[in-house]
Structures are given as C-alpha cells and as structure tokens.
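Trainee: build the 3D model from these lines:
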Amino acid sequence: MEMLDPLDAMLLTAELISSPMHVALALIMSPPEGMTGTAFVDEMYQQGLTASDPVDPRLRRRPHRGVETGGLWVWRDVADLDLSRHLHRLTMPRGSSTDDLWALVSELHAEPLDRSAPLWLAYLIDGLDGDRCALYIKIHHIVVDGVAGLKMIGDSLTDDPDRRAMAPFYASTQPAKYPRRRSLNPLSVVRDVAGAAASGVSLARHVASAELANIIGGLTTSTVATPFGAPHTRFNTKLSPYRVFAATSLDRKRIRAIQDAADVTGNDVVTALITGVLRDWLTKQDELPDQSLVALCPVTVRGRDAAGDDGHGNQFGLGLCPLPTAVEDPAERLRLVHYAMSNVKHQVAANGPGAMLLVLMPAVVPTALSPMLPFGSRVKPSYNLPISNVPGPQTHSYFNGASVDEIYPVSVVYDGMALNVTLCSYADRIGVGYIADRDVVGDVDDLVPLTETALAELEAAIGVA
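Mentor: Below you'll find the predicted structure:
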C-alpha cells in the first residue's frame, strides 16, 4: 500500500466535514466533418468502454483508511476497473445552448464522487446547438491538481485533424509504471521519521522566514496580506449542496497586449481583471467593502513538461494575494496586483511549497471552519476566494477528428469559500470558469458580461484599447 501525501490526506479528510473536493474540465467539441454529434458521441462512448489501452495508474486506485493502516490514508490499486462506473453518456434536448450545458454541469459538479471506486467520472454529452458535443470530466483533487489534470487531457489530444483510433483520455501515455511505494512496515515509518527530522531544521527555518516576511510585509505595504486580514463578504459562509457554473473566454492577444504595455505577467493581468469583475459585481450588490478583498492563490512547482504521473496528486504552494477592489483606477489595480503576486511567487520559491502550506494552514483552516461555528462571524477570514490560472494545450487540438473548440475549468468551492475563479489557457483563448454556491451567488452568470467590461476598462486604462 502507498501512503497519501500529507496534503492529499488533509484534502480527503476535510471533505468529510465540508464540500466535495473534486475539480473538473468541460470541453466543447465539433464533430468530424461528415459525422453528426450524436454519432460521434456514440462512437466515443463505445470505444471508451471497450478500449484495451492501459488505464493511467492515477485513475486505477482509490483511497482507503482502516485498522490495518493504523488510521492513515493509503492508496489501494483496483485490479478490475469497471469503466461503466466512470464513463457515462448523456443527451441534452437538441439545440441546447451553452447556458443549458452549464446548468447540467452545475448539477453534475454538485454530486460527490464515490470513494469505493477510483475518484473520477466522465460524461460524453450531445445535443448542443450547432450539432456540437461536450466532454465533462471530474477528478478528485487528491488524484491530480489543475496543472497535472490539464496535462493529462492535453496529452490525449492531437493537432492533427485527420488522426483517428486515438486512445481515450484515461489511457496511460507512458509505459506502465507505478510511483515509488511508501510501505507501512515499521522500518519504513522509522526511516520516514528520520528523514523528516533531518530536514526539519531547514523546514523550520523556511517557515520562520516566511512568517516574518508576511508579518513585516503586512505592516509596511498593502501588497502583502496577513492572516485574518480579509474583510467579511457573502462568500465566506457555510455552503448548501447546490452549485452554479458560468464560463466565458478571452482573446489571449488582448491579454498579451496589456501584459507587454504594462511590463507585467499574463497572470498579473488576469488577476487584475478578476479584481475588476469582483469590484463591479459587489458594487452592484451594494456590498463592496471599504477594505480590499484577499485571494488565495496556488503557485505550482511543476514544470510544464513535468506535470505527468509523478506519484503526487498535488504539487503547489499557497499565497495570500491582496486584491485591490477598493482602488478605482484599473491601471493602479494592475500595478498593485503585480507587486502582490511577485511577493507570493518569491515566497514560494524562496521557502518551498511545504513551508508556505505550513505557514498558511493556521489561516486557511479557520477560514473554512468558522462558518460552521456559532461564533464564526466574529472571526475575520484570511481570504475571500481562490483565483488560479493554469496552462492548457498551446495549439488548437482535436480528438479523433473532432475539433476541441473550447476548454473551461470547473473548480471547487467549500465552506468559507462560496466562489472560485479558475482560468486556463487553450490555443489563442483563455477560458474563465466561475463556480459558486447556488444559494450565495445564484446569479453567477452575471459575472460573464462583467468580465468583458473589466477587460475593456483595463485596456483603456493601460492605453491598448
């Protein structure tokens, strides 16, 4: 048996008292020339159930905890994987719109994954207008993080529109191998403890350094967020079982133009863009706090070429990034976001993702737990929502002749965090996915037109309209 990484075990345990912790992707496709969307989905569904390709090892195991594991979470391989439990086919009323698809995705995303089987599901869907079809895939966060998940999907696609007989997305793209196992025998436990002790001094030094940097930075500049320093918003509450999802896409050329003109990163631009969206939406609700919001931002430590099956579900650090929602000028917001994100990335790079996770856990956990406590409203949150940006395929892609027109991320929300914004690049577009609790942000689709408005305002402020 292989032990779960500590971060993955924490995510799995947190799900027992909070909301489902899976992430997802929605791909919208046009069928190959001369083939209907229904016929293509039928063919892909049958192929998916009967393909002889080896299944990716990450998708052939499930978490387990029992007396024999000493109460620790471990992975158990599933020898006889029943693909019919994981691959499903759905038909929407003919001519359904993208909004109809998002309503269906909202329902599917609200359902937790069955822990008695490997933690993933996929749905092939036909009936979209224009004879288009969709693939919705959800995978538990302990199986893959956003970067690894998009890498998995990207590896299953091709830039050749004439290629056929392609392996399903769940197939392994590498020779069959499994990550190094961490057995539960006493000697291995002693070895792990000894290794942890040997590196403990270094980790403690990095943790102390990061904590000191956050404290000093929070006292001296508005571009560093301190724990429990975010304002109360409607996002920081206990969630219902229901979800709503909306999505839009942006032209990467417009993002690049702002990036070059302002001498910042593309991630700075989209973070400032979402800051503008939140400012506009909260203003319309008459709920814009005087104090700026704070985002929880994951920073991956994976390289683009190293996001495959490395035996770890998650490889990222965390940082708190002040979002200058109290600042009116879009150009000034971008400048402040740039310095804030630079600090977050520097902290993760200098101290390591493990140290940053330890630094932020005392702030992250109470933010998630306080909505469930009777006195929770007295505890200020450390952040208001997460914002993440993950890279996807860089060229227009196809799957068995079908054009992959759009890719959208569908992330996770949990108690204390009722809105999540995730962006992913694909070819010449950037997909923006807004997932929220239905009872907290029921009008999440209102964020879509505000996204275009915020982008246009940012372009005008920088002078690249």
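
Trainee: please pull up the helix or strand immediately following the helix or strand bottoming out on mean pLDDT in the chain.
Mentor: Within the chain, no helix or strand scores below helix 186-220, which has a mean of 40 by mean pLDDT, DSSP states H and E. Counting by DSSP states H and E, the next helix or strand C-terminal to helix 186-220 is strand 243-251.

Trainee: for that following strand, what is the average pLDDT?
Mentor: Mean per-residue pLDDT for strand 243-251: 98.

Trainee: residues of that strand that come out buried?
Mentor: Within strand 243-251, the residues scored as buried using 16 or more other Cβ atoms under 10 Å are Arg243, Val244, Phe245, Ala246, Ala247, Thr248, Ser249, Leu250. Any C-beta I mention is one placed from the backbone N, CA and C, and that applies to glycine too.

Trainee: among those, which one lies nearest to Arg333?
Mentor: Distance to Arg333, by Cβ to Cβ, is smallest for Leu250 among the buried residues of strand 243-251, at 17.0 Å.

Trainee: got any ranges where the stretch 351-465 of the chain has weak pLDDT?
Mentor: Scanning the stretch 351-465 of the chain for pLDDT under 70 picks out the ranges 351-378.

Trainee: just the helices in it please.
Mentor: Applying DSSP state H, counting those that start in this stretch to the stretch 351-465 of the chain gives helices spanning 353-369, 447-462.

Trainee: relative to strand 243-251, how tilted is the helix or strand Ala272 falls within?
Mentor: Here Ala272, judged by DSSP H and E, is contained in helix 266-284. Inter-element angle recorded for helix 266-284 and strand 243-251: 130 degrees (by axes from the mean of the first three to the mean of the last three Cα atoms, to 10 degrees).

Trainee: after helix 266-284, which helix or strand is next?
Mentor: Next along the chain after helix 266-284, taking DSSP H and E as the criterion, comes strand 293-300.

Trainee: what helices and strands are in contact with that following strand?
Mentor: Contact partners of strand 293-300 among helices and strands, from 3 or more Cβ pairs under 8 Å, 6 or more residues apart in numbering; DSSP states H and E: helix 146-155, helix 266-284, strand 316-323, helix 330-351, helix 353-369, strand 385-390.

Trainee: for the ones you listed, give me TSV that also has distance to Ser19.
Mentor: Listed next are the helices and strands packed on strand 293-300 as TSV, based on distance: least, Cβ to Cβ, whole Å:
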stretch	distance to Ser19
helix 146-155	17
helix 266-284	21
strand 316-323	18
helix 330-351	25
helix 353-369	9
strand 385-390	13
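
Trainee: quick one: which of the ones you listed has the weakest pLDDT on average?
Mentor: Out of the helices and strands packed on strand 293-300, helix 353-369 stands lowest, with a mean of 60 (criterion: mean pLDDT).

Trainee: circling back to that earlier point, in the helix holding Ala272, what counts as buried?
Mentor: Residues 266-282 are the ones in helix 266-284 that count as buried (16+ other Cβ under 10 Å).

Trainee: same check on stretch 166-175?
Mentor: For stretch 166-175, the neighbour count (16+ other Cβ under 10 Å) marks Met166, Ala167, Pro168, Phe169, Tyr170, Ala171, Ser172, Thr173 as buried.

Trainee: CSV for the buried residues of strand 243-251, including distance to Cys321?
Mentor: Shown next, in CSV, are those (distance: Cβ to Cβ, whole Å):
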residue, distance to Cys321
Arg243, 24
Val244, 25
Phe245, 23
Ala246, 23
Ala247, 22
Thr248, 22
Ser249, 23
Leu250, 20
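
Trainee: and the nearest residue to Ala326 once chain neighbours are set aside, how many neighbours?
Mentor: Ranked by Cβ to Cβ, 6 or more residues apart in numbering and with sequence neighbours excluded, the top spatial neighbour of Ala326 is Ser292, at 4.5 Å. Residues contacting Ser292 under the criterion other Cβ atoms under 10 Å number 24.

Trainee: how far away is the residue lying closest to Leu128 once chain neighbours are set aside from Gly127?
Mentor: Leaving out its chain neighbours, the residue that sits closest to Leu128 by Cβ to Cβ, 6+ apart is Ser96, at 5.6 Å. Distance, Ser96 to Gly127, by Cβ to Cβ, to the nearest Å: 5 Å.

Trainee: and for Thr233?
Mentor: The separation that Thr233 has from Gly127, given Cβ to Cβ, amounts to 37 Å.
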